[in-house]
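Colleague: Just a sequence and a predicted model for now, questions to come.
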Amino acid sequence: MKLKQPPLLPPSSIKFHGFIIITLLFLPSLVSAETCKKTCGDQILRYPFGSGHGCGDPRFQKYVTCDPDQNQLTLVTHTGCYTINTIDYDNQVLYISDPTMSTCSSTQPSKGFGLDWDAPFTFHDDNVFALLDCSITSSPLYRSDGADGANSTAYPLCDNNQGAPVCSLLYSCPDISSLSLPISTCCVYTPMDLGPSFEMDLQKLQCTSYTAIYSFSGQESNPESWMYGVALKYRFNVNNDYPRDCSDCERSNGVCGYKGAYNSFICSCFGGVITTTDCYFLATLSDSVRLLPSLMGTWVISSLAWFIVWASLGTV
């Protein structure tokens with residue numbers, strides 16, 4: 001008795017099944033368990049910021065994070081965690097709020113605000129910082145005119161041109177005026193000169209609190225309408241060039257990220273697919289895709305692939 005020979009498949013069918021088998025075998029290697037997101041809460045995320053580890057630019061990842069519990073984008077420095085209200089991607093500025101900062105509607109003690117020395121941020125020139133309730137006798141912000149005794153006068157090392165009207169208007173706010181503080185205890189910097197450490201140590205400066213204003217909203221005489229918070233500038237790199245690989249990735253509806261010991265560029269695509277180029281390959285399965293280690297479902301895909309092989313060859 002002769003064994004029944006399996007039917008021969010046409011070359012086109014063999015190529016098709018081979019394509020399916022190869023795709024299924026390697027598909028798990030394209031998938032990552034962690035996918036970079038395009039949003040954090042109601043805020044859009046774009047390079048250099050990311051939703052978690054491996055997303056965005058590694059230089060920014062440890063400073064700007066997406067709180068998974070609050071679903072809120074925050075800035076982290078050695079002085080605390082601060083809510084990021086908005087990001088102006090066109091002008092490369094992010095705006096943060098400090099819950100311990102005083103404003104026209106609330107006054108409270110504060111430790112101050114500071115940036116880490118290696119943080120990729122600088123203070124925006126539009127910032128106006130007012131240090132409130134400073135000691136005119138012990139604060140290093142004030143210097144004596146050299147006269148002896150009761151005739152000596154303390155001169156603040158501040159911006160007297162803009163400081164006087166800002167302090168006067170701030171101290172006219174109901175919450176601040178209730179403290180009955182003399183205007184001489186308010187010291188303004190604009191732009192803020194914190195030195196190379198970008199540190200505002202209120203305890204060292206002998207001031208009780210501070211306020212920060214990044215916009216007067218066209219109403220310089222109405223402190224209730226001012227925009228309170230800190231504006232920070234950032235740069236992509238030394239030349240401030242937007243990385244071309246990242247630009248291509250975002251144009252293909254991907255999210256920029258990094259991986260490995262050398263923080264090599266990756267593009268996070270829809271469905272958790274990761275590539276080293278862009279997301280256009282999902283439609284063409286380009287040969288330029290570099291596959292990454294699999295983290296899910298390998299045995300299911302492999303079993304399905306072998307089933308297709310068996311079905312293609314037929315049975316005895």
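Modeller: Arrived safely, thanks for sending.
Colleague: what helix or strand is residue 239 on?
Modeller: Using DSSP states H and E, residue 239 is not contained in any helix or strand.
Colleague: Likewise for the one 10 residues further on?
Modeller: Taking DSSP H and E as the definition, one finds residue 249 inside helix 244-251.
Colleague: Grab the CA positions of that helix and hand them over as PDB.
Modeller: Provided in PDB are the C-alpha atoms of helix 244-251 (Å, rounded to 0.1, in the frame of the first residue of the first chain):
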ATOM      1  CA  ARG A 244      15.900  64.100  13.300                       C
ATOM      2  CA  ASP A 245      15.200  60.500  14.300                       C
ATOM      3  CA  CYS A 246      12.800  61.700  16.900                       C
ATOM      4  CA  SER A 247      11.100  64.000  14.400                       C
ATOM      5  CA  ASP A 248      10.600  61.100  11.900                       C
ATOM      6  CA  CYS A 249       9.300  59.000  14.700                       C
ATOM      7  CA  GLU A 250       6.700  61.500  15.800                       C
ATOM      8  CA  ARG A 251       5.600  62.200  12.200                       C
END
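Colleague: What are the buried residues along it?
Modeller: For helix 244-251, burial by neighbour count (16 or more other Cβ atoms under 10 Å) applies to 246, 248-250. Quick note: C-beta positions are derived from backbone N, CA and C, even for glycine.
Colleague: Please produce TSV containing these, extended by pLDDT and distance to residue 48.
Modeller: Listed next are the buried residues of helix 244-251 as TSV, based on pLDDT from 0 to 100; distance: Cβ to Cβ, whole Å:
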residue	pLDDT	distance to residue 48
246	95	8
248	95	16
249	95	13
250	95	12
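Colleague: Closest one to residue 64 out of the residues you listed, please.
Modeller: residue 246 (16.0 Å; Cβ to Cβ).
Colleague: May I have the secondary structure class of the nearest residue to that closest one once chain neighbours are set aside?
Modeller: Spatially, and ignoring its direct neighbours in sequence, residue 246 is nearest to residue 256 (4.0 Å; Cβ to Cβ, 6 or more residues apart in numbering). Applying DSSP: H, G, I helix; E, B strand; the rest coil to residue 256 yields a three-state assignment of strand.
Colleague: which residues in the stretch 1-150 of the chain form strands?
Modeller: 39-40, 43-44, 64-67, 72-77, 80-88, 93-97, 121-123, 128-134, 142-144 (DSSP state E, counting those that start in this stretch).
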